[in-house]
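A.B. asks: I need the structure of the sequence given here:
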Amino acid sequence: MRIKLQGGSCCNGLICKKTSNHISEIESKVYKDVVDGVNISFTFELVPSDMKWIAFFAGELNNAAHYFSTFANVNADDKNLVGGSFGNSPSDTWQPWEYNQRLKVANEKNLFDLVLQHLIIEA
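C.D. replies: The predicted structure follows:
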């Protein structure tokens, strides 16, 4: 049986560790003869929509955007590329976002929001 977790947030390290321990314990067991001699085991996995949750809680665009990744410059045009690489080298297909550049973009987005809000109020 697969149990899918969606939108999990572990703000508190102790809660996250406890939850992780519980999940590990459940996954490590086989529950024998539960019903009519059937053995049951469980696995947990994150569902693909978790990137949307991460982006939402980070105040970023979700994966409907062209550049949808919270972590790297993956985009809608090259997301299906087979054999691409991830790393800090310019020769890598995808690189992690540079923190200062992310702050600059976030500030530009906040400025855009203010301008848009002003235009809506005037309309």
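
A.B. asks: what residues go with each domain of the chain?
C.D. replies: 1-47, 48-123 (automatic domain parsing).

A.B. asks: now those domains in TSV, with mean neighbour count?
C.D. replies: (Glycine included, C-beta is placed from N, CA and C.) Shown next, in TSV, are those (neighbours: other CB atoms under 10 Å):
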stretch	mean neighbour count
domain 1-47	11
domain 48-123	12
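
A.B. asks: what residues are up against residue 76?
C.D. replies: 65-68 (CB atoms under 8 Å, 6 or more residues apart in numbering).

A.B. asks: name the SS class of residue 117, please.
C.D. replies: When classified by DSSP: H, G, I helix; E, B strand; the rest coil, residue 117 comes out as helix.

A.B. asks: residues contacting it?
C.D. replies: By CB under 8 Å, 6+ apart, no residues touch residue 117.

A.B. asks: how far away is it from residue 23?
C.D. replies: Distance of residue 117 to residue 23, computed by CB to CB, to the nearest Å: 42 Å.

A.B. asks: with pLDDT, secondary structure and distance to residue 112 added, can I get the contacts of residue 76 in a markdown table?
C.D. replies: Output for these, formatted as a markdown table (pLDDT from 0 to 100; DSSP: H, G, I helix; E, B strand; the rest coil; distance: CB to CB, whole Å):
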| residue | pLDDT | secondary structure | distance to residue 112 |
| --- | --- | --- | --- |
| 65 | 73 | coil | 14 |
| 66 | 79 | coil | 16 |
| 67 | 78 | coil | 15 |
| 68 | 74 | coil | 18 |
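
A.B. asks: in this protein, which helix or strand is least confident?
C.D. replies: In the chain, the helix or strand scored least confidently by mean pLDDT, DSSP states H and E is strand 2-5, which has a mean of 47.

A.B. asks: partners of the longest strand along the chain, with directions?
C.D. replies: Taking DSSP state E as the criterion, the chain has its longest strand at strand 30-35. As defined by DSSP bridges, the strand partners of strand 30-35 come to strand 38-41 (antiparallel).
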